[in-house]
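Visitor: Can you look at this prediction? I've put the sequence above it.
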Amino acid sequence: MLRFLLQRLIVAAAVALTVSVITFVLSHVAIDPAVAVAPDSATDADIAAIRAQYGFDRPLPVQYLGYLGDIVTLDLGTSYLTGEPVAGMIAERVPTTALLAVFSILFALALAIPLGVLAASFPNTMIDRLCLLLAVAGQAIPNFWAGLILILIFGVNLQWLPISGSSSLAHFVLPTIALGTFAMPALMRLTRAGMLDVLASDFVRTHRAMGLAPAAILFRWGLSNALLPVISLTAVQFGFMLGGSIIIESVFAIHGVGYLAWQSFSRADMPVIQAIVLLVSLAYIVLTLAADLINAWMDPRIRSAA
Amino acid sequence: MSALTLLDVDNLCVTLPTASGPLSAVRGVSLSLRRGETLGIVGESGCGKSMTALSLLNLLPSGAKATMSRYAFDGETVTGRGKRGIRNLRGNRIGMIFQEPMTALNPVFPIGSQLTAVYRRHKGGSEAAARERAVMLLERVGISNAAARLAQFPHQLSGGLRQRVMIAMALMCEPSLIIADEPTTALDVTIQMQILKLLADIKTAFGTGLILITHDLGVVSHVADKIAVMYAGEVVETGRTAEILAAPRHPYTVGLLGSLPDPSRTAPGAPLATIPGTVPSLIDPPDACAFADRCARVLPRCTAAAPALRQDGPGRSIRCVNPEPAAWVA
């Protein structure tokens, strides 16, 4: 188990390093950072001065090493636009986005797993088709449209829930539904496919032959086998949500990481963009690792293979 | 039906849905078993022997339908799903052992929890009491260091050990009947004999009835008190094991016994005996003897109407109008 953990950690570190190189190179090649920093009225001489002041005239590898050193000390640089430290700007917004992500993924799982099990228990019946219809609808309806419709029904017409901001838990209800509905279908299909395999397996026939309770066969003995791929997909979707949903955060005026990313992209605020990309990829890496560990914990075969 | 009768099934029919119409996998099979008795159901793949076993516990694959005109277990008629239904029999009064020990156990749970779940479901009680019984039974089926084994997962055990675990699981609730569906087929030859001996030993020690399903006449000859030979979804011959092995009457039984390779009688390199031809399609089966096409003793009336199973001496029946003469039986 320790070797398994160590292997995964080494891979994770290698991926993190690769991502940092790619974001660094892309953000320094795609755009001249000195021009981005300089005000519109700046002359060539001003830009040259900025280049020297920020060290943009040094060779790229040297700049990268400096950048890496800063990251290790948690210094993510300062925003070109506001002059604030980037670490602070992101830290301020992470709790909001993380809260929305946690609610959304829980909402998605709470729908996806029971529906997936239900669909697999009655394959090719009306129940199954209804579940699949829900999945197709969830995937096909664009995020922003679902958000707007929710606002229209529950915010404007019924006036049950607030429609913008993030000052209370009630503010999170509609964005959670909008974001969760989008994540649910893939999880549901995977649960259904896994359960179909499991329910046709020899060991489920054994459990039935031994007279175990049908509900226990489904949710305890069966689901434990079908959930392994679902956990991996959940980690990926949760990582995607932690990066902040630009669309949902814009529609519901939630000042989270996604909203910050959109603001920074539109104004070429490179230190912020770099930091967000790095943060998202780190989140992915940590979550994938967590999913691997959960899988190993749940599946003894993985544990002993590693 | 005497008080000693454990299982009494009459006119069991199973149909399976196929692309070309319903297939009659089992066609009017009747079985009866006394307490502590062992019945071997023998036949080749597809003869309906596994379907017969699975329908006794309502474990048929989805879409398959079973009907019977009588199903009595331990003197009670089995109906519906409630207290007197099949679900109450499963694991509790009938234990089942399957062919594939490699896949028949749940891969992500330790064997201990799989064993105790069966006991607690039917008998209740504490986890500790169920573990105690599991350890006792694992030792009984010849697994050493049983207490430590409870924490092990199926993939950590060999095929033979897993089949022993299956047997222990089937015994958890002291059933009065065990159905073993090809319990040795997937095992190494050296292990097969051990498992068979274990089954024979268990049924004697616990007084358990046993239905042993196999394609291997050698297997039943060691364990079974009586044999039912199945062909194309029907019982074609049934009787005491010794009598049938010594003097088979149905031409199919004769062929089946003849195809057993016997190293003491067959010269090396000599071709193995086979039964020519193939089993007829059971989608819309003909109103004739199902074995007629392959039979050396076929008469015109064999193809005119399906022969009925008829009494042929005490405790013996055959489904044949022109059986092997019994004259030379001692």
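Guide: Ah, there it is.
Visitor: where in the stretch 201-330 of chain B is pLDDT low?
Guide: Applying pLDDT under 70 to the stretch 201-330 of chain B picks out residues B:263-266, B:326-330.
Visitor: Quick check: A:A91 vs A:L74, distance?
Guide: 10 Å (Cβ to Cβ, to the nearest Å). Yep, even glycine has a C-beta here, placed from its N, CA and C like the rest.
Visitor: quick one, which of these two is more surrounded?
Guide: A:A91 (12 against 9; other Cβ atoms under 10 Å in any protein chain shown).
Visitor: Spit out the contact partners of the closest residue to A:I141 other than its chain neighbours.
Guide: Nearest residue to A:I141, sequence neighbours excluded (Cβ to Cβ, 6 or more residues apart in numbering or on different chains): A:T181, at 7.5 Å. Contacts here follow Cβ atoms under 8 Å, 6 or more residues apart in numbering or on different chains; on that basis A:T181 touches A:108, A:138, A:141, A:146.
Visitor: Select, from those residues, the two members most distant in space.
Guide: Taking Cβ to Cβ as the measure, these span a maximum distance of 14.3 Å, between A:A108 and A:I141.
Visitor: quick one, which of those two is more surrounded?
Guide: A:A108 (27 against 15).
Visitor: does the host helix or strand of the more buried one come close to chain B?
Guide: If you go by DSSP states H and E, A:A108 is part of helix A:86-121. No. Using Cβ under 8 Å from any Cβ of the partner chain, helix A:86-121 never reaches chain B; the gap is at least 10.8 Å.
Visitor: centre of the chain versus that helix, how much separation?
Guide: The chain centre lies 8 Å from the centre of helix A:86-121; the measure is Cα atoms, centre = their mean, to the nearest Å.
Visitor: before we move on, back to that, closest one to chain B out of the contacts of A:T181, please.
Guide: Ranked by distance to chain B (Cβ to the nearest Cβ), the contacts of A:T181 are led by A:A108 at 23.5 Å.
Visitor: ok now do that closest one, which residues does it touch?
Guide: A:180-181, A:183-184, A:187, A:237.
Visitor: Show me the two of these that sit farthest apart.
Guide: Maximum distance among those (Cβ to Cβ): 12.3 Å, for A:T181 and A:Q237.
Visitor: before we move on, back to that, which of the contacts of A:A108 fall within strands?
Guide: Among the contacts of A:A108, DSSP state E puts none in strands.
Visitor: Among these, which lie within helices?
Guide: Among the contacts of A:A108, DSSP state H puts A:180-181, A:183-184, A:187, A:237 in helices.
Visitor: will you turn those into a markdown table that also has distance to A:D292?
Guide: As requested, these are exported to a markdown table (distance: Cβ to Cβ, whole Å):
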| residue | distance to A:D292 |
| --- | --- |
| A:G180 | 24 |
| A:T181 | 28 |
| A:A183 | 20 |
| A:M184 | 23 |
| A:L187 | 18 |
| A:Q237 | 16 |
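Visitor: which of those are buried?
Guide: A:180-181, A:183-184, A:187, A:237 (16 or more other Cβ atoms under 10 Å in any protein chain shown).
Visitor: measure stretch B:31-40 end to end?
Guide: From the first residue to the last, stretch B:31-40 extends over 11 Å; the measure is Cα to Cα, to the nearest Å.
Visitor: and that stretch, how far from the chain's centre?
Guide: 11 Å.
Visitor: What are the buried residues along stretch A:184-203?
Guide: A:184-196, A:198-199, A:201, A:203.
Visitor: In helices, which of the residues you listed fall?
Guide: A:184-196, A:198-199, A:203.
Visitor: Intersect those residues with the contacts of chain B.
Guide: Applying Cβ under 8 Å from any Cβ to these, those adjacent to chain B are A:F203.
Visitor: Of the ones in helices among the buried residues of stretch A:184-203, which is the nearest to chain B?
Guide: Once Cβ to the nearest Cβ is applied, the member of those that ends up nearest chain B is A:F203, at 4.4 Å.
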